[in-house]
Structures are given as structure tokens and as C-alpha cells.
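> my questions concern the predicted model and sequence given below.
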2 protein chains.
Amino acid sequence: MSFSERLLRIARQQRSWLCVGLDPDLDQIPAALKAGRGMRAMLEFNRQIIDATHDLVCAYKLNSAFYEALGPQGLEILKETREHIPGEIPVILDAKRGDIANTARKYAQAAFEVYECDAVTVNPYLGFDSIEPFLSYRNHGLFLLCRTSNPGARDLQDLKCGNQKLFEVVARKSRDWKAQSGGEIGLVVGATYPDELRIVREIVTEEMFILVPGVGTQKGDLKKAVCSAANSQGERAIISVSRGVLYASNEEDFAQAARREAQRIRDEIHRYRKGSAS
Amino acid sequence: MSFSERLLRIARQQRSWLCVGLDPDLDQIPAALKAGRGMRAMLEFNRQIIDATHDLVCAYKLNSAFYEALGPQGLEILKETREHIPGEIPVILDAKRGDIANTARKYAQAAFEVYECDAVTVNPYLGFDSIEPFLSYRNHGLFLLCRTSNPGARDLQDLKCGNQKLFEVVARKSRDWKAQSGGEIGLVVGATYPDELRIVREIVTEEMFILVPGVGTQKGDLKKAVCSAANSQGERAIISVSRGVLYASNEEDFAQAARREAQRIRDEIHRYRKGSAS
């Protein structure tokens, strides 16, 4: 079954378009969990978050940087975290890679073979041949950065290229690359830019997935994000929340608090989706 | 001493503007070296290459993907490879990272603290706030991707933004960001595009470093690359060669062959530099 089909199936089954981002930070993990565990507390934290939320999400997103910052041992934790996620739930490696073809092949190998993730985020700046190695893995997906959620996104992504902005060119090219290659290409657009989200959804086709970070700590408006990013069926907009769920509580009840927060966001998305589909 | 000062000092001292890229591939390592070593053969290969070339280079470049593709153990090899490089020779982590600020901080931590590299390659698509965390490390450098060496570079980097192309905008912005921040920003421009190299050198200031991959296997013309990328003193163009040096021989004499090839390229660069400075 293709990545898209799997993602769609679990989203419908769990009535959830929420993706929980597993960006664990040792500094923010409850002290009781850290005691005697050292770095491995991150793995225990992730496991408890996964156990508490896996029936409420359509995907998990692993932010590679948070594991890489801990050195080789951090990558072991990434691997074990991925292994703990139930097989039916797609896992997106948020690595924002982008390199020339022979190197991109190595990044694809790391994401899809070593860490067995189902999709990866990729930077479009190097062009089509830099994303091709990821597309050559059947049943896997990629999300190209289109409009990122940070303030600096404007520096390049808003440049006018003829009568459109750079992020619009990226959206159009991604649509065309998807059509030409038959590959599983989605886009990343930040919730902090709802107008741009709407523009991107108008450019791409109904079946393209848009991964939307920036709700929560980054203060993107959830209602606007869902209504702007979803297709006419109110689907295929994946709302990714990391810190807002992970650190709903800094105490020992962190997993239950994360569950409550995930449930709240999932249900809120569901209400807004209906609105957008009506 | 700043990254630029260190790089300039070693380049002048060794009369070398050659950077050797350590992108070791288990499939291309001599069979005799692999016997009984498994993955660790990569480390032994790197060590012998470093021992054979360290007096001929101004820097080493570690291509992160080649280590990541081997999982956590590959990152151990990256770490040990870096530790084997003599302290006076700057090490560039070729990771092409790019993410929003709180994540970019983690990537900077990995590159500069965990793997103790001196500089890192960064993708500019996310804008200034995504590179700031790297600049906050004093005495470290970054190289922003400007015009990459692959054929697909044209897809986005050649887009016309008003009266200039996207890669020219990146060159101008990098120059301005460097001036405003006082940070150590250089650029990456592929040898496969000598005309674009010349344009970029004209845009940026004399003291900006340009890292030039694409000579060798990718067939960039060395003479054109040096003459186009060097400043008016014939300096600050770093020519990066990976496969051309690493696999000069596939036999047991690989290290001596790598040394001969590194020496040949270093001397050739030196001849062309004089031409460009005259």
C-alpha cells in the first residue's frame, strides 16, 4: 500500500489529522524521569508519549536535529523510538535534507532503510535531481519545504519570480514533479502563514498532502490552518504539533497531559475540517 | 583566532587551496582493507587518507550523509575521523542543514559541539533566522549553498527574481548578512558552473570564501574554477575534491595514489591562482 493510502487510511480510521512531533529535549523532560537514566530518559519519554497518544494521531514526526545533537547515542534513541511506534502509523523523519544525487541517495538510505521511516522532509533548493533518490523508494513519501513557519521564511520564499512568489513556484513545480514522476510528494507550509497556505492549496491538486507545523508554541491559528490547508473534502492537511503536546505538563503526569492535549487538538481539527468540507 | 584566519593561514602555509572531501563508501574501499573490519574499514580508510594528505590540504570536508547511511555506528566513525585530523587543519561538516531557529540550534550543537567541526554547509531557503544559530558560535564558519554543482541546480537557482537570478540574490543577501552580523559566512558554488562562479565572485567581497565542489567526477574544469572563484589575490577559493582523490586507486596503494593525486591538484591550483592574481 502506498504511503498516501496508509496515511489516509489511518487518518480516517482514527478521525485524526494530528501528527505529534517527537522533538524531545532533555532540558524539558520531567526530573523524575531523568533520574538515573541520563540520555536514555529521552527514549522513555518518547515511549510514554507514544503509548499515551497513538490512537489519537495520523502520524508521528521525528525531528532529526534533536537526536543528532546528542551524538551517535542520540541516533540509537531515534531508532528505538521509531521501533516503538505501532506499524500502522506512518512516521515522518523531519530532516529537511537536500543534496546532489549521489549524496541524496545516502540520505534516503538513512531515512528509509536505517531508521525505517515512511516519509522524509526535503529542501527543494537543489532541484528535481536532488529529490529523485527519495522518490525511487516505492511506498515511501517526501514532503518538500514550500513555505516554512519561521519569520525568516520571507527572506527568500517571498521573492517575486515573474508574477509569482518563490514559494508558489515551489508549489507548482512540486505538483508537476509529482505528476511526472508518479512519486509521493507532499508539501510543508507553516500554520503561521494562513494566506500562503490557502494559495498553496489552490495551486496543488486535491490529493496532495500538506504538512502544517507552526500551531502551538509558534502561535499559528489552528482554525485558519485547517480551513486553509484542507482539500474540498476537509482532508489531507496534517497538523503537526510538537512542544504543545509533549510539554503539556512538566510533571510526572506528562503523558496523561499530552493525551488530553492531543485529544483536544484532534477534536478541534475535526470540527474545523467539517466546516471546510461543508 | 577566527575560522577565516585559520583557514587562510593554513592555505598560505601549505600553499594549498585543496580541500579533500572524506565521503568514504564501503563499496569502493579496497577489499584488503575491509577484511575482518566490517564498517570500521571506513575509519581505517579515512585515517590512511588523512595521514597521506594532511600536509597538502587547507581543509577536510566530511560529507555527513555517507556516515549517516551507516546508522549510529557511522556517526561514531565520523567522530573518530574528525579526531584523527590534525588540530591546525579546519574541518567542514558538509551537512547542508537548514531549519527554523530552535531546531537549527540543535544542528549547530551537533556540528560544532558533538563532532567539533569548524564550519558547516547550510541551505539558505529558510532565511536569515535559520542561519543565526550557527553564527552565534564564535570562531566557527558556515558556507551557504548558493549555486550547487548538480544539473538540477537550474530548477530553482536560475529563476529570475526581477533582474537577477535566485543564486545571485542569495550571494547578495549572504554578503549583506555577513556585513550586518559580523559572522563568518562563505558560499558554495559548483565548479560545473564557471560563469556563475565568476558572477558570484563579482557580487561578494574580496574576503569572502567560496567553497567549490564539482571538480573531478562531476567534470568541472579546474582552471576555470580557480580563475573564476579566486579573489584578486588568487585566494579564498577552496577547491573540494572527494572521489577523485579517495579512489585514485582501488588497490592497496590507495593512500599513496591519493597523495599523488592531491599533490597534482594542489600544484595545478597553485599555477592557476598565480594566473588569476597577475
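That came in fine, so what should we check first?

> do a quick rundown of the strands in the stretch 101-250 of chain A.
Applying DSSP state E, counting those that start in this stretch to the stretch 101-250 of chain A gives strands spanning A:119-122, A:141-147, A:160-161, A:164-165, A:185-189, A:210-212, A:237-241.

> for these, which one sits closest to residue A:252?
Shortest distance between residue A:252 and the strands of the stretch 101-250 of chain A, using CB to CB, is found for strand A:237-241: 21.6 Å. Placement of C-beta: from N, CA and C, glycine included.

> that closest one vs strand A:141-147, what angle?
80 degrees (axes from the mean of the first three to the mean of the last three CA atoms, to 10 degrees).

> wait, doesn't residue A:140 sit right on residue A:133?
No: in terms of CB atoms under 8 Å, residue A:140 does not count as a neighbour of residue A:133; the distance is 11.0 Å.

> wait, isn't residue A:217 in contact with residue A:243?
Yes: using CB under 8 Å, residue A:217 is in contact with residue A:243, at 4.5 Å.

> more crowded one of the two?
More crowded of residue A:217 and residue A:243, by other CB atoms under 10 Å in any protein chain shown: residue A:243, with 15 against 12.

> correct me if wrong: that one contacts residue A:219.
No: the pair residue A:243 / residue A:219 is not scored as a contact, 11.6 Å apart, by CB under 8 Å.

> next, work out how far apart the residue in chain A sticking out farthest from the centre and residue A:43 are.
Seen from the C-alpha centroid of chain A, the residue lying at the greatest distance (CA atoms, centre = their mean) is residue A:36, 31.7 Å away. The gap separating residue A:36 from residue A:43 is 14 Å, by CB to CB, to the nearest Å.

> what does residue A:117 give?
According to CB to CB, residue A:117 and residue A:43 sit 17 Å apart.

> for these two, indicate the residue with more neighbours.
Neighbour count, other CB under 10 Å: between residue A:117 and residue A:43, residue A:117 has more, with 25 against 19.

> tell me the contacts of the spatially most central residue of chain A?
Geometric centre of chain A, nearest residue: residue A:61, 4.9 Å, by CA atoms, centre = their mean. Contacts for residue A:61 (CB atoms under 8 Å, 6 or more residues apart in numbering or on different chains) come out as A:19-22, A:91-94, A:211, A:240, A:242.

> do the same with residue A:203
With contact set as CB under 8 Å, 6+ apart, residue A:203 has these partners: A:168, A:171-172, A:175.

> then residue A:191?
A:149, A:197, A:212-215, A:218, A:220-222, A:224-225, A:229, A:239.

> from chain B, how far out is it?
For residue A:191, the distance to chain B (CB to the nearest CB, to the nearest Å) stands at 12 Å.

> which phi and psi does that residue have?
Taking degrees, to the nearest 10, you get phi -70, psi -20 for the backbone angles of residue A:191.

> need the single longest helix in chain A, by residues.
Across chain A, the longest stretch assigned as helix under DSSP state H is helix A:254-277.

> average pLDDT for that helix?
With pLDDT averaged residue by residue, helix A:254-277 scores 91.

> report all helices and strands that that helix contacts.
With contacts taken as 3 or more CB pairs under 8 Å, 6 or more residues apart in numbering or on different chains; DSSP states H and E, helix A:254-277 sits against strand A:18-22, helix A:41-53, helix A:222-229, strand A:237-241, helix A:243-246.

> got the residues of the stretch 151-278 of chain A near chain B?
A:151-157, A:159-162, A:166, A:169-170, A:173 (CB under 8 Å from any CB of the partner chain).

> tell me the angle of the helix or strand where the residue nearest to the centre of chain A lies relative to strand A:237-241?
Using DSSP states H and E, residue A:61 sits within strand A:59-63. Interaxial angle, strand A:59-63 versus strand A:237-241 (the same axes, to 10 degrees): 50 degrees.

> one step back: of the contacts of residue A:191, buried ones?
Buried members of the contacts of residue A:191, scored by 16 or more other CB atoms under 10 Å in any protein chain shown, are A:149, A:197, A:212-215, A:218, A:220, A:222, A:224-225, A:229, A:239.

> export those as TSV, with columns for pLDDT.
Supplementary listing: the buried ones among the contacts of residue A:191 in TSV, determined by pLDDT from 0 to 100:
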residue	pLDDT
A:149	94
A:197	97
A:212	98
A:213	96
A:214	92
A:215	92
A:218	79
A:220	85
A:222	96
A:224	96
A:225	97
A:229	97
A:239	98
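
> what pairs with residue A:120 across the strands?
Taking DSSP bridges as the rule, residue A:120 bridges to residue A:93, residue A:142.

> what separation is there between it and chain B?
Distance from residue A:120 to chain B, by CB to the nearest CB: 12 Å.

> once you drop chain neighbours, what's closest to residue A:274?
residue A:234 (6.2 Å; CB to CB, 6 or more residues apart in numbering or on different chains).

> backbone dihedrals for that neighbour, please?
With angles defined as degrees, to the nearest 10, residue A:234 sits at phi 70, psi 20.

> how many neighbours does it have?
Counted with other CB under 10 Å, residue A:234 comes out at 19.

> distance of it relative to residue A:11?
Counting by CB to CB, the gap from residue A:234 to residue A:11 is 11 Å.

> equivalent analysis for residue A:120, please.
19 Å.

> more neighbours: the two, which one.
Under the criterion of other CB under 10 Å, the comparison of residue A:120 against residue A:11 puts residue A:120 first, with 27 against 22.

> quick one, what contacts that one?
Residue A:120 makes contact with A:92-95, A:97, A:107-108, A:111-112, A:134, A:140-143, according to CB under 8 Å, 6+ apart.

> go on, residue A:152?
B:126-130.

> pretty sure residue A:135 sits against residue A:181.
Yes: Residue A:135 is in contact with residue A:181 according to CB under 8 Å; the separation is 5.4 Å.

> if anything else comes up later, I'll come back, but that's it for now.
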